[in-house]
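# could you work out the structure for the sequence below:
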Amino acid sequence: LADEFLEACAVLPHSPKASAALSRRCLQNLLENHLHFRTDDLSKQIDNLLSRNELPSYLAKEVDGIRNIGNFAAHPIKAAHTGEICDVEPGEAETSLNTLEGLFDFYFVQPARQAQRNAALETKLVDTKQKPLKQPKS
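Alright, predicted model coming up:
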């Protein structure tokens, strides 16, 4: 994930289209290999993710945007009014990167920080002979 994300960041100034395509690939990698959505259809994977209702609303709303912007990068999609092929704009590719950062924060960074805080508190509770933290029911 890190390599794909960093590559998408690196190519952004040179090719928003390439950056968007790499962001789309990175999202699919996250969904398949880390969240275990085992289907080749990115749209279905996104639907599965959104049906969990676990993401903050601001982030959930942007996840499908990565797929759509990536589709503009990978496929010649024409505008209905002009008939011109829609290209990926730099701001759209940057939005995809920002959304990926939000997903990484939600799934990896915040849980790791919370685990560190809990471990420190558990150590203090043991040292002071207090009861351990209550665990949520599964």
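# and the next element down the chain from the helix or strand bottoming out on mean pLDDT in the chain?
Among the helices and strands of the chain, helix 57-74 carries the lowest confidence by mean pLDDT, DSSP states H and E, at a mean of 83. Once the chain leaves helix 57-74, the next helix or strand it forms, by DSSP states H and E, is helix 90-104.
# got the contact list for that next one?
Contact with helix 90-104 is made by 1, 5, 8-9, 12, 16-17, 19-20, 23-24, 26-27, 30, 55, 58-59, 62-63, 65-66, 69-70, 72-73, as judged by CB atoms under 8 Å, 6 or more residues apart in numbering. Every residue, glycine included, has its C-beta placed from N, CA and C.
# buried by neighbour count, from those: which ones?
Neighbour counting with 16 or more other CB atoms under 10 Å marks 1, 5, 8-9, 12, 16-17, 19-20, 23-24, 26-27, 30, 55, 62-63, 65-66, 69-70, 72-73 as buried within the contacts of helix 90-104.
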